[in-house]
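# Here is a sequence together with a model predicted from it:
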Amino acid sequence: MPKKIAVLSGDGIGPEIVAEALKVLNFLNSDMSLGLSFETALVGGAAYDAFGTPLPQTTLNLCKNADAVLLGAVGGPKWEPLAHAIRPERGLLGIRSELNLFSNLRPAILYPQLVHASTLKPEVVSGLDIMIVRELTGGIYFGQPRGIHVAESGEKVGINTKIYSESEIRRIAHSAFKIAQKRHKKLCSVDKANVLEVTELWRNVMTDVGREYPDVQLSHMYVDNAAMQLVRAPKQFDVIVTTNLFGDILSDIAAMLTGSIGMLPSASLDVNGKGMYEPIHGSAPDIAGQGIANPLATILSAAMMLRYTFNLAEAAQRIEQAVDTALDTHVRTADIYSEGMTKVSTSEMGDAILNAL
Ligand code: NAD
């Protein structure tokens, strides 16, 4: 089976961090005969500069024809004055909706070597390994009606609509249960079913789909409690599945538990497991071009790609293990540096992963 990967470096630190992920993938590709092939294209601000649009048709076609997309990051101050419709971020939203990437996976893993980067007590967070599955293409971010209107009284009113169809809930439920099966088989569905009917339906459908996965233990939690539990006792969770809005907020809380934005990967999947893989951080314009960005979130995104799109669990595990081994040798990029460690550049961190492999 061909394994075609569209590589979109994007803007800011994007090209620097993607280069390191490619170094790692290229090594494993020949070492394990994975059969991966790569093709690059422009997206975001770089694409706007070259073609006047953040998502050129050629880039979109490449993504559609590929089996997976590896992305750096997009955006930067240079493009902030542009109209919203042609901003770099539109390039990402365009790919997500055109490829129907409805299932957003955001792991929050705390490496024991970095336990002091967290603002929480070591005993609360050490060993943390949570996966948040966020519905990405529905809910209140897309629901109609929306907008700001002038009511009959003459007063302005703002409106957004949280809407989910049963089929939308079913497909994210299946996605989350399957991920739980690949992990510790515990799934917590987060809703606000006591107040919002839309999430009452969410809860009912989750329970229904759960009958097809008897090996996964399903629980339900209200979102306000989930936010509290995430900072109180985050290790109680294995996989969390939730709506677009709740997932947006909870995944940022979970990310901050680990204290290091440069370490966290993400995946956005379609119904067949095709996906776009990217670090959760942005293009970091403040450090772009300096060779000091942390490439590990992007390298770990590549590992997720091997696991979730290509079912190459062993290769994925080798990357994750290599990150662990490299951290054991005390190499740190500036964002995760602490006294007594060896400060390394972006490419030196990539080399440390290669050495560990
Ligand atoms: P950011 O994530 O780019 O940066 C926040 C802070 O974290 C900065 O101080 C940055 O230097 C640091 N940081 C981020 N990634 C790092 C890494 N790998 N190594 C070391 N330090 C790192 O967020 P921001 O500053 O709010 O946004 C900058 C630009 O990125 C904006 O244009 C924004 O729209 C865009 N953005 C893009 C994405 C994406 O492409 N998915 C996501 C978020 C923001």
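Alright, I've got the coordinates. Residues are numbered from 1 along each chain as shown.
# residue boundaries of the helices in the protein?
14-31, 45-51, 57-65, 88-98, 122-125, 166-182, 197-210, 223-232, 244-258, 296-308, 313-328, 346-356 (DSSP state H).
# TSV please, covering these and showing mean pLDDT and mean neighbour count.
Glycine gets a C-beta too; all of them are placed from N, C-alpha and C. Formatted as TSV, the helices of the chain follow (pLDDT from 0 to 100; neighbours: other CB atoms under 10 Å):
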stretch	mean pLDDT	mean neighbour count
helix 14-31	98	21
helix 45-51	98	19
helix 57-65	98	16
helix 88-98	92	19
helix 122-125	92	14
helix 166-182	96	19
helix 197-210	98	18
helix 223-232	97	16
helix 244-258	92	20
helix 296-308	97	26
helix 313-328	96	18
helix 346-356	98	19
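# could these be laid out in JSON lines, adding distance to G289?
Shown next, in JSON lines, are the helices of the chain (distance: least, CB to CB, whole Å):
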{"stretch": "helix 14-31", "distance to G289": "8"}
{"stretch": "helix 45-51", "distance to G289": "13"}
{"stretch": "helix 57-65", "distance to G289": "23"}
{"stretch": "helix 88-98", "distance to G289": "17"}
{"stretch": "helix 122-125", "distance to G289": "33"}
{"stretch": "helix 166-182", "distance to G289": "36"}
{"stretch": "helix 197-210", "distance to G289": "44"}
{"stretch": "helix 223-232", "distance to G289": "35"}
{"stretch": "helix 244-258", "distance to G289": "25"}
{"stretch": "helix 296-308", "distance to G289": "16"}
{"stretch": "helix 313-328", "distance to G289": "24"}
{"stretch": "helix 346-356", "distance to G289": "11"}
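# what does the stretch 251-357 of the chain put close to the ligand?
261-262, 278, 281-287, 293-294, 297, 335 (CB under 6 Å from any ligand atom).
# got it, and the chain?
13, 17, 73-76, 89, 92, 261-262, 278, 281-287, 293-294, 297, 335.
# And stretch 156-174, how far out from the chain middle?
Per CA atoms, centre = their mean, to the nearest Å, the displacement of stretch 156-174 from the mean C-alpha position of its chain is 20 Å.
# and that stretch, C-alpha only, in CSV?
The C-alpha trace of stretch 156-174 is given here as CSV (Å, rounded to 0.1, in the frame of the first residue of the first chain):
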residue,chain,number,x,y,z
LYS,A,156,-28.0,44.4,19.6
VAL,A,157,-28.1,40.6,20.2
GLY,A,158,-25.4,38.0,19.5
ILE,A,159,-26.3,34.4,18.6
ASN,A,160,-24.5,31.1,18.1
THR,A,161,-26.1,27.7,17.9
LYS,A,162,-24.8,24.5,19.4
ILE,A,163,-26.2,21.8,17.2
TYR,A,164,-25.2,18.1,16.7
SER,A,165,-27.0,15.5,14.6
GLU,A,166,-27.0,11.9,15.8
SER,A,167,-24.8,10.8,13.0
GLU,A,168,-22.2,13.5,13.9
ILE,A,169,-22.1,12.2,17.5
ARG,A,170,-22.0,8.6,16.4
ARG,A,171,-18.9,9.0,14.2
ILE,A,172,-16.9,10.9,16.9
ALA,A,173,-18.0,8.2,19.4
HIS,A,174,-16.7,5.4,17.2
